[in-house]
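Colleague: Okay, here's the prediction I keep looking at, along with the sequence it came from:
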Protein chains: 2
Amino acid sequence: MKNSFIKLSMFSLLTLAFLDSCKPKNTSDAVTGDAASKVYVAPGKYDEFYNFVSGGFSGQMSVYGLPSGRMLKVIPVFSQDAETGWGYSEETKAMLNTSYGYIPWDDAHHPELSQTNGEVDGRWVFINGNNTPRIARIDLKRFKTAEIIELPNSAGNHSSPFITENTEYVVAGTRFGVPGDYENGDVPINTYKENYKAHVSFVKVEDDGKMDIAFQLRLPAVNFDLSHAGKGKSHGWFFFSCYNSEQANTLLEVNASQKDKDFIMAVNWKKAEEYIKAGKGKKEKAKYAVNRWNDETHSATSTIKEEVLVLDATEFEDICYMIPCPKSPHGCDVDPTGEYICGSGKLAALIPVFSYTKMLSAIENKNYEGDYFGLPVLKYDAVLHGEVQKPGLGPLHTEFDGKGNAYTTMFVSSEVVKWDIKTLKVLDRVPTYYSVGHLTIPGGDTKKPFGKYLIAYNKITKDRYLPTGPELTQSAQLYDISGDKMQLLLDFPTIGEPHYAQAAPADLIRNNGQLKFYKLEENKHPFVTKGEKESKVVREGNKVHVYMTSVRSHFAPDNIEGIRVGDEVYFHVTNLEQDWDVPHGFSVRGAKNAELLIMPGETSTLKWIPERVGTSVFYCTDFCSALHQEMQGYIRVSPAGSNVPLTYSVGTNLPKASE
Amino acid sequence: MKNSFIKLSMFSLLTLAFLDSCKPKNTSDAVTGDAASKVYVAPGKYDEFYNFVSGGFSGQMSVYGLPSGRMLKVIPVFSQDAETGWGYSEETKAMLNTSYGYIPWDDAHHPELSQTNGEVDGRWVFINGNNTPRIARIDLKRFKTAEIIELPNSAGNHSSPFITENTEYVVAGTRFGVPGDYENGDVPINTYKENYKAHVSFVKVEDDGKMDIAFQLRLPAVNFDLSHAGKGKSHGWFFFSCYNSEQANTLLEVNASQKDKDFIMAVNWKKAEEYIKAGKGKKEKAKYAVNRWNDETHSATSTIKEEVLVLDATEFEDICYMIPCPKSPHGCDVDPTGEYICGSGKLAALIPVFSYTKMLSAIENKNYEGDYFGLPVLKYDAVLHGEVQKPGLGPLHTEFDGKGNAYTTMFVSSEVVKWDIKTLKVLDRVPTYYSVGHLTIPGGDTKKPFGKYLIAYNKITKDRYLPTGPELTQSAQLYDISGDKMQLLLDFPTIGEPHYAQAAPADLIRNNGQLKFYKLEENKHPFVTKGEKESKVVREGNKVHVYMTSVRSHFAPDNIEGIRVGDEVYFHVTNLEQDWDVPHGFSVRGAKNAELLIMPGETSTLKWIPERVGTSVFYCTDFCSALHQEMQGYIRVSPAGSNVPLTYSVGTNLPKASE
């Protein structure tokens, strides 16, 4: 079989890597005449699909409309967002807590829509944090991050957060081997093969969305890359691609590209559940944060957990099976029927398609070619359905249209290739500009793809848009795949790196109980002020709590005196509005903080420690009415130890003494 | 004249304020059939204009292409940006320094393109920071913030940074009166009229762009709102709108809307320069930061200045003249000829247009109706060219097409109104969705507007796009103004609040020496590593400097040992690439920091204080090649006091001892 893999010398490999910005040959930018009308969404009309796009190294998730390519929202997830106060307000800080403390950033790669019976259900999107390993859950009624869970024993949470067909689990496979966070951690790096391990986490998702780690599988220190759950007939299994089966720890571009084949690891997670149930897991010391947003108190809490259940998969013969897969596989994609598993070896020149049925037979017959650090290695031929020959260079990722076709991105040859899942024949190919990574078809990794469009998320931009200095936008391309031939419709730039994305029909989410504002009577924030008459200022030692209201177009109170240098002033601002799209903003001059952006009915808190004597000002930052510019107030700061009494008022120059 | 202003009761005013989200009546969403093709920019083709849009409360500036409405870039200005490391990397922190210390956010309102001879010259964009008063200058060869200057004696830097016709000055008028930062600052707020003052800063711009405060004018504590320089015949003058001539300090929505007229203040800045030259200014104690980016060292420095030159304008009869203007004026816009000054009183139902020529006569003839806190008040009729009658409700801002037409936004009646500057006749009106604030015509506030398009920046979004929970996108609308009638072409969402924007023809900027990468041989960063062989790790006490290189697809070194818990580790990463669009990213697991995004030829530094024993990992966050996923490294952290030697290596498991 070895002859069927390209034998690339290291020189060619590196050349390929450098060639990644070449234009595809024999292709044209030309689009047919109807492209304009196909992507145009007239003013006041709605897009047809929501497109949830990872921000990559921005750490956020953005939401686009398709086919227009218009960005509807950036949802703050793992990174501070000064615009909305995410990570700056007192209520949101806990969302970014980790076992390392507060972290202002992460690298978010793979949005995954929740599923019921293998179909997109429109409840949540999950997304992984790579750098400080975490998974976030975003609530699609509010388009807001509802939960973030950290993953111990992990580094580079890349093959995550793919899910099972009823959202029983989201998984998280580590990209880097680690020596364990707590025991024997201080070991030489060049003892990698002996001392480092990789872990795959199975994170349980409750009916209300709450996540916790059910168990982790301990595995040899390969680099896990991507994954997908089985579906339908293969429900109960999970498939993970891995590279660096060499277990190199330096110069991986050379040393992790030595072997002709790495692996797709098939995990029988139902079997793992049985072992866990039978008490075979080991509770180990660990440290990880579980951060949850509470919609009643409008606040997050962070809990640090101290223990995790670990099952050493190499001690069991029937949990994990290694399927040889050429070469440094990235994509690991299961077709809508659950029968076919496509591996995309980024250094391979073919696409192997494995058969779930054949895999079961091979396991039953112990058709092994050996073992990998204790894990059975199945024979390649015994599991193979077949290979797509000459698909292009650098296959990365495959999705499906539900009509028996697969679409694979080719990073090096910059194209998308359409092929028939059963016959493995290439049916069509279109260029991408340039160096496409992942692609998305709405529902394209589920049992029921919605088809119609394909979006290519590209890694190189160069000359596709007007120049903007050394740093260029990242970019996506929209194709119509409703016909036999794919048709390029639109280039659209994206915010952050559009690493991967998912899409769903607009109505599925739009009609799923979208929240328009928070009901004031349900607001249980401990510092809520439900009416202007209840607004007040309370001193507790050096802490001053301002119970403030905002309504078009004033704050109450808007004159405050008796604050002293060094006080900790907490502005708890309740937005009294009860209508859609009437946020108010709040900021104070000189605060070493961001602003607050407060939705109708919500309470948010800005902390300010005044350091300078004099009058400071605050104002509404979000243009709210014709008299928005008048929505402001003054706060007098006296020297530390001053006896200026604490008073406050609105609409009168006769201040009222505080409680 | 009083009868020509609407007499709105407070009730009606507040009603108007609440009505701001009503759809305009008798209008339709319908767009004519050619709109799709007019806004469609085919894949690989370029937009016609750059559109520089303020992020409002995001604190950044974004760049869009027109007519497509595609966002090409977000330029970090006043707010931390975890995606690029802006405000997190050691080199950029100084850019966000102020007299209050490091501040992670501001509220950026008005981009202003630099001008030569009153025309857009494509060198820089200036933008104001409102909350902690500052002005930033963005370099359009790099699309990067090059300088930020703070403004003392100011609070709410709103009427800024408008410029003179050769970019001699950018100005900054305070929105809030303040009692002075240093002297007599601790005064009761209800002594506002006696103790509070407003200041207008004239910031000098050198030929290379460097800014410093030339002088400030001390003025009565009105709220300055917007401004524009004279041009052509009126060069040498500056015009500022101001509201709250009542000098109210509480509930301004009522108390600052009492008078029928506020003012446009005309400033003879050439005269002010003469007084300054004659030594009439007073050097006063102040504290403000001047932060400059150095393209050779790839680093910013922040200098705190201790003194500012203040000229009390009320002590001179011939610097500032007050022109009565109905009612709470916002826009203050000078037509391309420099003859006409349009005031947009947001609570007025007409648009007054003043004549520069008449103003000079009125001044010469001392045609005053009195004085305002010592400043001469010119007679309204003596300065008036005429009034646009019944233009709509809530006029806010006017720009010009260079063909004798003016276009004014109407916030309350949600429309744009086109009128003839000379005859003052209304020529056309189109609805906006909803509640338009500012508008932009490319070059529309210069001597030479480019015309063709008009963009309305709206304040309310509601149902214009697919819903995204309580928080909705902000939004703009593009109109074709090349014909007699305005034609709505496109709704496009924006990031942050598109408070104001400017636009320029693409070629003017594209052909103006766009930088594609930093030349490695010109890199003077103190910690640059110009080749992989020079990479090293150096310990200085508890500080460890990692001189690291990045190139497709590895870091050097990629194995580091001998780091101890509590060390201050500085990763100085030099991107060795010398080609366009090959950034590398850098991140470390558990760092309480953002990532670095390092442009080709650039050096950036990430600070990390490891707190946990074990091995951490670092990797490239920006997909750079087919072997990007292999671009990673390990760093071993031993306990404090450990004697593991400091070593480093790449491509070998035989580490080299550090220097």
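Modeller: Yes, it's here. None of the values given here were measured: they were computed from a predicted structure.
Colleague: Residues of the stretch 351-500 of chain A that sit close to chain B?
Modeller: A:394, A:411-412, A:433, A:437, A:459-462, A:464-473, A:477, A:488-493, A:495-497, A:499 (C-beta under 8 Å from any C-beta of the partner chain). C-betas here are computed from N, CA, C, even on glycine.
Colleague: got the phi/psi numbers for residue A:260?
Modeller: phi -70, psi -30 (degrees, to the nearest 10).
Colleague: Please list the outside residues in contact with the helix or strand harbouring residue A:113.
Modeller: Residue A:113 is part of strand A:112-116, with elements assigned from DSSP states H and E. Residues from elsewhere that reach strand A:112-116, judged by C-beta atoms under 8 Å, 6 or more residues apart in numbering or on different chains: A:52, A:120-127, A:161-167, A:170, A:205, A:446, A:502, A:504.
Colleague: When you filter the residues you listed down to buried only, what's left?
Modeller: A:52, A:120-127, A:161-165, A:167, A:170, A:205, A:446, A:502, A:504 (16 or more other C-beta atoms under 10 Å in any protein chain shown).
Colleague: Contact partners for the residue nearest to residue A:133 when sequence neighbours are not counted?
Modeller: Of all residues not flanking residue A:133 in the chain, residue A:157 sits nearest, at 3.5 Å (C-beta to C-beta, 6 or more residues apart in numbering or on different chains). For residue A:157, the contact set (C-beta under 8 Å, 6+ apart) comprises A:128-130, A:133-135, A:151, A:172-175.
Colleague: Any chance of CSV for those residues, columns neighbour count, secondary structure and pLDDT?
Modeller: Shown next, in CSV, are those (neighbours: other C-beta atoms under 10 Å in any protein chain shown; DSSP: H, G, I helix; E, B strand; the rest coil; pLDDT from 0 to 100):
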residue, neighbour count, secondary structure, pLDDT
A:128, 32, strand, 98
A:129, 28, strand, 98
A:130, 27, coil, 97
A:133, 30, coil, 98
A:134, 28, strand, 98
A:135, 26, strand, 98
A:151, 27, coil, 97
A:172, 28, strand, 98
A:173, 31, strand, 96
A:174, 28, strand, 95
A:175, 25, coil, 95
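Colleague: circling back: for beta bridges, what are the partners of the residue nearest to residue A:133?
Modeller: Note on residue A:157: beta-bridge partners by DSSP bridges are residue A:174.
Colleague: Buried ones in the helix or strand containing residue A:310, by neighbour count?
Modeller: Taking DSSP H and E as the definition, residue A:310 sits inside strand A:299-312. Buried residues in strand A:299-312, counted by 16+ other C-beta under 10 Å: A:299-300, A:302, A:305, A:308-312.
Colleague: and the residue of the stretch 551-659 of chain A found nearest chain B, how far is that from residue B:583?
Modeller: Nearest residue of the stretch 551-659 of chain A to chain B, counting by C-beta to the nearest C-beta: residue A:614, 3.2 Å away. From residue A:614 across to residue B:583, the span is 43 Å (C-beta to C-beta, to the nearest Å).
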